[in-house]
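Enquirer: Got a predicted structure plus its sequence, pasted below:
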Amino acid sequence: MRSLEKKKLLTIITSNQLEEMILKRLARHEIGGYTVVRAHGAGASGIQSGMLDIDANILIYIIMSEPRLERVLVDIDRMMDKGYRLKALVTDIDILPRKPS
Amino acid sequence: MSGLQNLLVPAVLFFALGFLARIIKSDLRFPPDLAKMLSIYLLVAIGIHGGYELAKAELGTALNAIFWAIVLGLTLPIVGFALMRATRMIDALNASAIAAHYGSVSAGTFLTAIAYLQSAGVEYESYPLIMLAIMESPAIVIGILLAAWARRKTQSNNEAAQETSSDFGVSKLLHEAFTNGSVVLLLGSMAIGAIATPDSLDKVKPFVDDIFMGVLCLFLLEMGMEAARRISDFRRVGAVLIGFGIIMPLIGGAVGTIVGVYALGFGIGGTTLVAVLAASASYIAVPPAMRLAVPEANPSFYLTLSLGVTFPFNVVVGIPLYHRAAEMLING
């Protein structure tokens, strides 16, 4: 049986308009694996009803190692400094790897 | 028919129904992406119809319409920006993002105006359709320039300003603005309507003509719900901006009416449509562009204004008003 591996789960909540920008940033860190889920909600940016393209949110889930996460968070931090509206949540996870170690 | 009677058309009444449904907290809800699908249909239908009419049009008048569409698209955001800044209550970055919306157009408002004119039996030129396609994007350029100017004024470090610019790639952003799906769909459908033979167009007539008003009703039902959703954001937006959301369309409508009559020589119907274009605010092409290009601006401001204030204002008050203004200027 595979052993569980400790990884970090980065969850980004943001407008769907920022998806391409964020994925490009992730690609710079050689992150090619992610999951995007459509969402709706509300916050400081107002209501994101999800009914129109302009007010729909997304959740981007990325699993990565801690060293890579730190580099990604520096990028995310820069984006937030410039005013881009997103939330970045970090969770410790245990994951069954794709290949047995 | 009076202006008020012309509002008693199914399209506008469905808008009111959608608004009411949200107010009474009905669980009525559209499936995701249905509004987008309806929007695609409406743009295709109006494009094919308009293209067929434009094939018989005069090139000189069409080029003149394009020229004035660009002028309106580039100047109205500056007027809006100056107006907001004059209140001394709106910061420059939010003002630039909001102003860009008011230099662009609302296809939904334009289509509602067409429904209004058809119910009133008023004929209209097809040239405003080209103006609709052209005016979608130039205001984005002005919004970006105003925001860049605002940043330079507030930031002492030019490098930081340039870094922000390069972050979202201005050329890529402009490429996306001018190849926006709505623009491509509208211009493409117009080209198809102009090129296709009349016999072949007859075969799609049931699709693009007969069910058009019904689809518009469904679209405005969703837009009514969307407008009502924004009411909760009114407090965040504030009275000054709410006032702007009503005054700016009146200014745009007045400018558009003058352009329609004196610069373009359109009749009452065509002038009304030009006024509607100048008075409306975008909720398709400009919001995503501003979210990328002016991230400092609060999206709840421009979305609430565009969808929650100006769109309902134009549908209920603006369109009959601009029609009346066109009548007064042309008939004397």
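Expert: Great, that's in hand. Numbering: from 1, shown residues only, chains lettered A, B, ... in the order given.
Enquirer: burial count for residue B:67?
Expert: With neighbours defined by other C-beta atoms under 10 Å in any protein chain shown, the count for residue B:67 comes to 14. For every residue, glycine as well, the C-beta is placed using N, CA and C.
Enquirer: next one: residue A:30
Expert: So residue A:30, with other C-beta under 10 Å, has 8 neighbours.
Enquirer: three-state assignment of it?
Expert: coil (DSSP: H, G, I helix; E, B strand; the rest coil).
Enquirer: now do residue A:36
Expert: Classification of residue A:36 by three-state DSSP places it in strand.
Enquirer: Hmm, residue A:19 and it touching each other?
Expert: Yes: contact criterion C-beta atoms under 8 Å: residue A:36 and residue A:19 qualify, at 6.5 Å.
Enquirer: Tell me the residues that contact both of the two, please.
Expert: Jointly contacting residue A:36 and residue A:19 under the rule C-beta atoms under 8 Å, 6 or more residues apart in numbering or on different chains are A:58, A:60.
Enquirer: By proximity to chain B, which residue of chain A wins?
Expert: Closest contact between chain A and chain B, by C-beta to the nearest C-beta, is at residue A:46 (2.5 Å).
Enquirer: Give me the nearest residue to that residue, chain neighbours excluded.
Expert: residue B:300 (2.5 Å; C-beta to C-beta, 6 or more residues apart in numbering or on different chains).
Enquirer: got the contact list for the one you found?
Expert: A:44-47, B:233, B:236-237.
Enquirer: low pLDDT regions in the chain?
Expert: Looking at chain A here, since you left the chain open. A:101 (pLDDT under 70).
Enquirer: ah, no, chain B please
Expert: Ranges of chain B meeting pLDDT under 70: B:1-6, B:156-169.
Enquirer: and if we set it to 50?
Expert: Low-confidence segments of chain B (pLDDT under 50): B:1, B:160-166.
Enquirer: What residues of stretch B:197-216 count as buried?
Expert: B:201, B:208, B:212-213, B:215-216 (16 or more other C-beta atoms under 10 Å in any protein chain shown).
Enquirer: Just the terminal-to-terminal distance for it.
Expert: 26 Å (C-alpha to C-alpha, to the nearest Å).
Enquirer: who touches it?
Expert: So stretch B:197-216 is contacted by B:10-11, B:38, B:41-42, B:44-46, B:48-49, B:52, B:111-112, B:115, B:193 (C-beta under 8 Å, 6+ apart).
Enquirer: again, only using 10 Å
Expert: Contacts to stretch B:197-216, defined as C-beta atoms under 10 Å, 6 or more residues apart in numbering or on different chains, come from residues B:9-12, B:14-15, B:37-39, B:41-42, B:44-49, B:51-52, B:55, B:108, B:111-112, B:114-115, B:118-119, B:189, B:192-193, B:195-196.
Enquirer: Which of these fall within helices?
Expert: In helices, defined here by DSSP state H, the members of these are B:10-12, B:14-15, B:37-39, B:41-42, B:44-49, B:51-52, B:108, B:111-112, B:114-115, B:118-119, B:189, B:192-193, B:195.
Enquirer: Just the ones of the buried residues of stretch B:197-216 in helices?
Expert: B:201, B:212-213, B:215-216.
Enquirer: Distance to residue B:145 for those residues - can I get that in a markdown table?
Expert: Supplementary listing: these in a markdown table, determined by distance: C-beta to C-beta, whole Å:
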| residue | distance to residue B:145 |
| --- | --- |
| B:201 | 41 |
| B:212 | 37 |
| B:213 | 40 |
| B:215 | 37 |
| B:216 | 35 |
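Enquirer: Now the residue nearest to residue A:46: which helix or strand?
Expert: Element membership for residue B:300, per DSSP states H and E: helix B:299-303.
Enquirer: Now that we have the contacts of residue B:300, which of them are buried?
Expert: Members of the contacts of residue B:300 classed as buried by 16+ other C-beta under 10 Å are A:45-47, B:233, B:237.
Enquirer: So which of the residues you listed is the closest to residue B:28?
Expert: Among these, residue A:47 lies closest to residue B:28 (C-beta to C-beta), at 16.6 Å.
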